[in-house]
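Need the 3D shape of this:
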Amino acid sequence: MKNAVCLELFRAGFEVFYYKAIYECDFIVLDRSGIMAIQVCWQLEDTTTLNREIRALMDVCNKLKVYKAIIISFDQKQIIKINDFEVQVIPFYEWAYDLKFEEKPHS
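All right, here's what the predicted structure looks like:
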């Protein structure tokens, strides 16, 4: 699924980066609004998996000025709030569809 997310980001014209410090973040994306952090995970039902994905996003959001944090899953959808930190969990099919209608990145 990570390959599919990467392809969709490239097709849409985004600048895409990988981030690793203490934890790794699958994609750092630059768009008109700033920096967006994206994790890709098939399922988040396991607490260990959920904590790992959230921990990685919190790490990157605290170090970079990230305006949006997303976890792209196979079929889950929810908003996770931790203090002032908000993570949008969205199914791949919905994210890919919405991506086609988002404002394109600056060229």
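
So in terms of bridging, what pairs with the residue nearest to Met58 when sequence neighbours are not counted?
With sequence-adjacent residues excluded and distances taken as C-beta to C-beta, 6 or more residues apart in numbering, Met58 is closest to Phe85, at 6.1 Å. Just so you know, the C-beta spots here come from the backbone N, C-alpha and C atoms, and that holds for glycine as well. Under the criterion DSSP bridges, Phe85 forms beta bridges with Ile82.

Now do the contacts for Phe85.
58, 61, 69 (C-beta atoms under 8 Å, 6 or more residues apart in numbering).

Check this structure and tell me which residue is nearest its centre.
In the chain, the residue lying closest to the centroid (C-alpha atoms, centre = their mean) is Ile38, at 1.6 Å.

Can you check the pLDDT for that residue?
We have a pLDDT of 97 for Ile38.

Check the one 4 residues further on too.
Trp42 is assigned 95 on the pLDDT scale.

what's the distance between the nearest residue to it once chain neighbours are set aside and Tyr23?
In this structure, Trp42 finds its nearest non-sequential neighbour in Phe74, 5.1 Å apart by C-beta to C-beta, 6+ apart. Applying C-beta to C-beta, to the nearest Å, the value for Phe74 to Tyr23 is 22 Å.
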